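> predicted model and sequence below, questions to follow.
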Amino acid sequence: MSGIIDSYIPVAIFLAVGLIMPPMTMFMVKQLSPRSKAASKYTTYESGSIPTGTARIQFNVEYYLYAIAFVLFDIEVLFLYPWATVYKGHGITSIAVVEMLLFIFILLFGYVYLWKKEALTWVK
Amino acid sequence: MNELMYLAPEIVVVATGLVILLAGVFLSPRSKNILGYLATLGILAALFLTVKSFGLLTMEGLQIGYSVFSEALNIDALSQFFKLVFLVVALIVSIAAIKYNENSDHTEEFYTLMLFATFGMMVVASANDLIVLFVAFELASLATYALAGYEKQNPRSLEGAMKYFVIGSVSAALMLFGLSFVYGATGTTSIPLIAANPWLLIENPIGLVAVVLLIAGFGFKMALVPFHMWAPDTYQGSPSVVSALLAAGSKKMGFVAAFRIFIIALAALQPDWQFIFTILAVATMTFGNVVAVAQTSVKRMLAYSSVAQAGYIAMAFAVMTPVALGGGIMYALAHAFMKAGAFIAAGVVVWMVSQEKTGNLNVPDHLDSFKGLGKRMPLAALSMTVFVFALAGIPPTAGFMAKFVLFSSTIQAGMAWLAVIAILNSALSLFYYARLVGYMYFLPPEGKSVSVPFPYAAALLVAVAGVLVMGIWPEPFVELAMKAAMVLV
Amino acid sequence: MTAIPLTFYLGLAALLFSIGLYGVMTHKSGIRMIMCIELMLNSANLNLVAFSSYTDTLNGQVFAIFSIALAAAEAAVGFAIFMAIYRMHDKINLNELNILRW
Amino acid sequence: MIEIPEFIIPLIPWIRGVVGLVLVGAIFLGAMGAVWLERKLSADIQFRYGPSRVGKFGLLQLVADAIKLFTKEDVRPRNADRLLFDNAPIFMMSSVFLMLVAIPVGAVFINGVQYPLAVTEMDVSVLYIEAVSAISIFGIFMIAYGSNNKYSLLGAFRNFARMVGYEVPLGITVVSVAIMTGSLNIVEIASAQGLHWNIFLQPIGFIVFFIALMADMGRLPFDQNESEEELVAGWITEYTGMRFGLGFFAEYIHMILGSFLVALLFLGGWNVPAFVANNPVLGLIAPTGFFLLKTVLVLMTIIGMRWAVPRFRIDQVVDLSWKKLLPLSLLNLVWAVGLGLYLGA
Amino acid sequence: MLPVASLLILVPLIFAAVTFFTKTKDQAAGLGLIGSLVTLGLTLYAYLNFDSSTAAMQFYESIPWVPFLGINYSVGIDGISMPLILLNAIVIPLLILFSWNEEREAPNRFYGLILTMQAAVIGVFVALDFVVFYIFWELTLVPLFFIVNIWGGEKRAHASYKFFIYTHVASLVMLLGIFGLFYTALHQTGVPTFDIRELIAQFQFFGSGLMKDAIFLAILFGFLAKLPTFPFHSWLPDAYVEAPTAGSVLFILLKIGGYGLFRISLPMLPHTGNPNLMIMMLGLLGSFSIVYGALLALRQKDLKRMIAYSSLSHMGFVTLGSAGLVALSVSGAMFQQFSHGLIMSIMFMSAGVIQSATGTRIINDLGGLARKMPMLTVLMMVGFMASLGLPGLTGFIAEFLVLTFTFVNLPGFVLLALLAIVITAGYHLWAMQRAMFGVYNEKLGSIRDINTLQVFSMGVIALLVLYFGLNPSPVLNMMIKNSEAIVSLAAGLGV
């Protein structure tokens, strides 16, 4: 219990540093850098032309499909991680192998389905 | 490998689902119709295996159950009985859906989702571990969320699906939260082990919290009254075949899960949940019946009636005698036949309306569409009559037999007041059922007569046969239900 | 390191759960609802993991992994439904959807 | 052995953490070196001189650049979302720091006993590293969305599509490696390889991992999120001065850490033959040196790739991941399982 | 021996099923006729083999059905059920003949439902198991519901729903009583059984008097509502009036309420907590029904409605006779059921004919029909006279027995009922006189007399009324043993 927490103390320290460093750097930059105010400087960059409309555009639906596919497959990988640690040396190798292969096999069904449904093709 | 033998029905179902999924994407749209037959065959095979498995459960006259997969699953009379229920529903739905999906591009998705949902329900029925139970519960729920929104172009279907999804997910969260407390109090997720340490739950105040959360969680799926809001919308909006699956199948899943969790695992807290369930049962049946009277959409009416029926089954929790539990379990099967059939019959009418583009297209299942159905589609009307009379508990139908056992056991347990309420409700329900029959037979038809397409007709006949066989020859079903109840007590 | 008391975890989980529930009940946007539901599920996971640690059993963690997977699948289905609604109505505000009522 | 006083023991993690911060400095220097290396190497490949004015071989060019970045004005566009725009670098930097903490940068052998040079050792470090490396995409997205610039947002979308495509094969290959050791501890994975490097055992896995890693880091040919020619600078278009510097730097550190991972997971880490490790002097230096050498080679390969392969179109990128790498990674997993069975028996 | 009891249910049911699939009217009616004639044949076979000298069950069959709950399919015929089966078997073919020439939609359903109804009613009469009994009891609702609703009058929907729900609720209450009976017996003996006789025998051993009363009243309520008796009769006028002629006749043949009274309630009665109170209640309800029905009949303008109320009045004699608890009064009550079935059939048939011929049922709008419809008038006269209790016709025998022998035990109620005799005579004669005799109302246009088939069917019934009025013994003999058995039970307990 405390061993686990111990190994994360450096993580906390690093996180703290990671959180503080960028603002500190930016603070230093503020002190060092010059200042000049010109309205056109604060416009959005659009290759020199005057920006039109908002940039908060609608998601392309393609991205959504990928996101879903990713979430699902990534979650499947989630199951592989604990399995990876017990695969070796826990004396249950044969069951572990068969079941995980079955799992991957079933996963393949979904994969082939997605492929054939052209969910994995960018431009339809 | 012995373990796999006990799970043969599940394996068949899930394998059929996978094969259909892949076959569907490789087949041309025209030839996708065979998928429906394939699914039906798979379900029939699973049904056969399930029925056969009843033989395995008795050895030298003793009732036995098996625990397989490191005690994650339990094969006993209760699980097999509910598998029968789910497979029966799946069979009826699958046959009817052959027609429903006739020109659909997504046939394989429908059948795969349906089979996965059935698989999930079947696993819930035999779950012996909270994890398995929750995972299977969610598997079935997820598949049915998608099925409810199957008609992507139909705003009603989508709206129903959305409500179902939101409320279903919330209920899943409540359930998970509740289960986490059960686990926390006992330190195990195995149902028998939880049951083996009753004092852990009694002494710990979080046991009560868990009960409340779990009742809310399962209550949503069972559509008990304060948690029923999604049911009418979803049942009305979804395609009729899906409504049949939801009302007849998915709801039973809630019950079997509740049986496993409350009666076996949380037996220690019986006084607490029994009281809550008693109140919920009364509220559910009364509310469902009263509101059903006011409906003009038949599917919505059936939905409310389904809510009411859930109240009857929930009486089993309130009474908690072996016979009452058996009655509740038997009612589940009877209700599967009746409600699935009734929704399919409503689906036939919706199909007819959409074919002819007459009548109220916004609410194709409006009562007006049923006018003179006795002349337009005698088979559909007759089956619907059988179903609604069965739902009302008119003999000799499955509904009567199931009510008979359930209500009589209530009296036996000395809860005559509950039986009186249930019986009065049953009488009240006759009012709106009779009105539907009235529309079908006593009003003049508003269109040509139509012949019921073969798959629909076959599905209806299966359901009618089930209703009548259970009504006329209930012995084997009563016996099975009682065996199943023995698992619980 | 002194161990953090179990009640802290439970309290946090309960708090997150309540926030999620409150959000589901008050928010009308589908996406927010899904986020709130995820919050509820994850608070339950927190519970499970905390219990797992304090009862010295692994079931809770296994449970949590499974429920994470299910939550992902649930979100996927939910988004699919909301996307379909969005395409049809150009809105996902649930209170504007009320064709079905009695 | 040195006796450690009793009262220190609870403080050890703190000490490791604080001392570990030295590593940050080293890695920063390394990143600067990497920038220099890239410019120099690119120039060599293209028969140019590259930086050569400031200092010997242009070595001080980076110092000059740093001074410039520090003194440039920080411009925030008028329409930007201030909260997101300002805080995005925190995410990118945190991601880098959090990865850094778990990656060993070598090991010393004292009396034949291995002491890895890692700030912390955890049981699930592989998983942890993957998890925290994904945090940076929040930063990228916050920058893009906060900038309110169409190029930025397009870049971020592409970045997102690419990331989701390559995380999966990456994860699966990592699992394939992990099952050879039966551990998710990166130190164990590295040290367990001995001289049977995973690259030899799982060549397919290595290729998949390497490509996926490149994509994950956004290195050419996978820099669709920047693609200077079409999107100006993609997600980072609106960032100037030090703000740009932070994002840029984070990317480079990412690259170095990626090289570490390749060396750790596939190239045998710091393993050296036993007689070297048991030598009291060489045991202190050789493993780490060998390891860093491999890392630099990987780094140079990554940099060199930039000039060898043209940039993919986004649809090609996505196709590559979903339709080629994913099946290949699954194949590799099955292969690894079989290999594990064979070796285990 | 033929398994007559089962065949009596099966034959009409099978013929009904086939009839549903016929296409033309002639096929349907013909098949219906054949079916009912076969049933009649079977009934006659049973009648000829019937042993009147015993109260025991005859033609008994029993097959286990749901052994777990002790449900058996057991049927049998005895003196209580035989006359009623006979009544059904005789009237149904005549009814089919009577309605042969009527034009109606969906004749296949019409005749199919009639046969289903016959099967259900006979099923109730022969059932010896509470579950079987209840199943057929409920089954009788369905055909009537359809008949009224499809071929009924203007307010048929209202009438049919009212009838359906009303009696269904009553049956559910009865079901509760049956459950109570079953479980209390189960508690006592440990052996589950739904056998009617067995449960009634067990009834006396039940512990609590209150419990007994509750069970008894619950079951009794089901019967009284079906009978119907005074406070529970409100479905009757609507249903009887709105039903088509055949439907009304079927309602009349639906003697299951009274049958249940004899079969179940009377044997239970002596063992209730307070039998005297129960008897008083029955007597009160009976005599009140007689008077109330008669009074209401007197003020009806509608001929059919008048007949309906008169039916209510007559059924009061059944209740009253049962309450009398003397062998002959009970027999009289049973005979009243039989006779009432015959008489009311004629009356409803007449009313139906008049309506279809003239288009109205309002008595004042009729007049002088005797000139145009002599045959009808003759047959109708027989019915009306029998109904008002003219000696020599069946009605007299029944009412005489009931009144005379009930007087032994319940003189007060009999005196009350006697009041009604006068009223009964009054409204019958009054209606007859104004509708059939006097000056012909020319507004009715030209009308024709009833056709041969109608003459035949009504005539046969009229002859039977006459015959059994002169020689009631063939029927009465069957009943007397059973009545004695019932009464001896009561007498043995000093009630």
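Received the coordinates, thanks.

> so where is the chain shaky, pLDDT-wise?
You didn't say which chain, so I picked chain A. Along chain A, the model assigns pLDDT under 70 to residues A:1-4, A:39-62, A:89-94, A:123-124.

> other chain: chain B
B:1-3, B:58-64, B:358-361.

> which stretches in chain A count as helices?
Per DSSP state H, chain A carries helices over the ranges A:2-32, A:61-87, A:93-116.

> what helices or strands is the last one leaning on?
This points to helix A:93-116. Contacts defined by 3 or more Cβ pairs under 8 Å, 6 or more residues apart in numbering or on different chains; DSSP states H and E place helix A:93-116 against helix A:61-87, helix B:8-26, helix D:326-344. Placement of C-beta: from N, CA and C, glycine included.

> most packed of these?
Neighbour counts (mean count of other Cβ atoms under 10 Å in any protein chain shown) averaged over each of the helices and strands packed on helix A:93-116 peak at helix B:8-26, with a mean of 21.

> and it with chain C, contact?
No - with Cβ under 8 Å from any Cβ of the partner chain as the criterion, chain C is not reached by helix B:8-26; the gap is at least 15.6 Å.

> who does the helix or strand of chain C with the lowest mean pLDDT touch, helix- and strand-wise?
Sorted by mean pLDDT, DSSP states H and E, the helices and strands of chain C end with helix C:59-89, the least confident at a mean of 86. The helices and strands touching helix C:59-89, judged by 3+ Cβ pairs under 8 Å, 6+ apart, are helix A:61-87, helix B:130-148, helix B:155-186, helix C:30-55.

> save the ones you listed as JSON lines, and put in distance to chain E too.
Formatted as JSON lines, the helices and strands packed on helix C:59-89 follow (distance: least, Cβ to the nearest Cβ, whole Å):
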{"stretch": "helix A:61-87", "distance to chain E": "46"}
{"stretch": "helix B:130-148", "distance to chain E": "30"}
{"stretch": "helix B:155-186", "distance to chain E": "30"}
{"stretch": "helix C:30-55", "distance to chain E": "43"}
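
> check contacts around the residue of chain E found nearest chain D.
Relative to chain D, the nearest point of chain E is E:Phe68 (53.1 Å; Cβ to the nearest Cβ). Neighbour list for E:Phe68: B:Glu475, B:Val478, B:Glu479, B:Met482, E:Pro192 [criterion: Cβ atoms under 8 Å, 6 or more residues apart in numbering or on different chains].

> doesn't D:Ala118 belong to a strand?
No - D:Ala118: not assigned to a strand; according to DSSP: H, G, I helix; E, B strand; the rest coil it is coil.

> how is the chain partitioned into domains?
Looking at chain A here, since you left the chain open. When chain A is parsed with the TED database, its domains come out as A:1-35, A:58-123.

> meant chain D actually
D:1-71, D:76-343.

> hey, least reliable of the ones you listed by pLDDT?
Within the domains of chain D, confidence is poorest for domain D:1-71, with a mean of 77 (mean pLDDT).

> quick one: E:Thr228 is in a strand?
That one is not Thr; residue E:228 is Pro. No - E:Pro228 is assigned coil when assessed by three-state DSSP, not a strand.

> how far away is it from C:Asn47?
63 Å (Cβ to Cβ, to the nearest Å).

> those two: which is more packed in?
C:Asn47 (30 against 25; other Cβ atoms under 10 Å in any protein chain shown).

> and D:Val108, its phi and psi?
Here is the backbone geometry of D:Val108 (degrees, to the nearest 10): phi -120, psi 150.

> mind listing what it touches?
D:Gln114, D:Tyr115, D:Leu117, D:Gly283, D:Leu284, D:Pro287, D:Thr288.

> who touches the third one in this structure?
It refers to D:Leu117. Going by Cβ under 8 Å, 6+ apart, D:Leu117 touches D:Pro104, D:Val105, D:Gly106, D:Ala107, D:Val108, D:Thr288.
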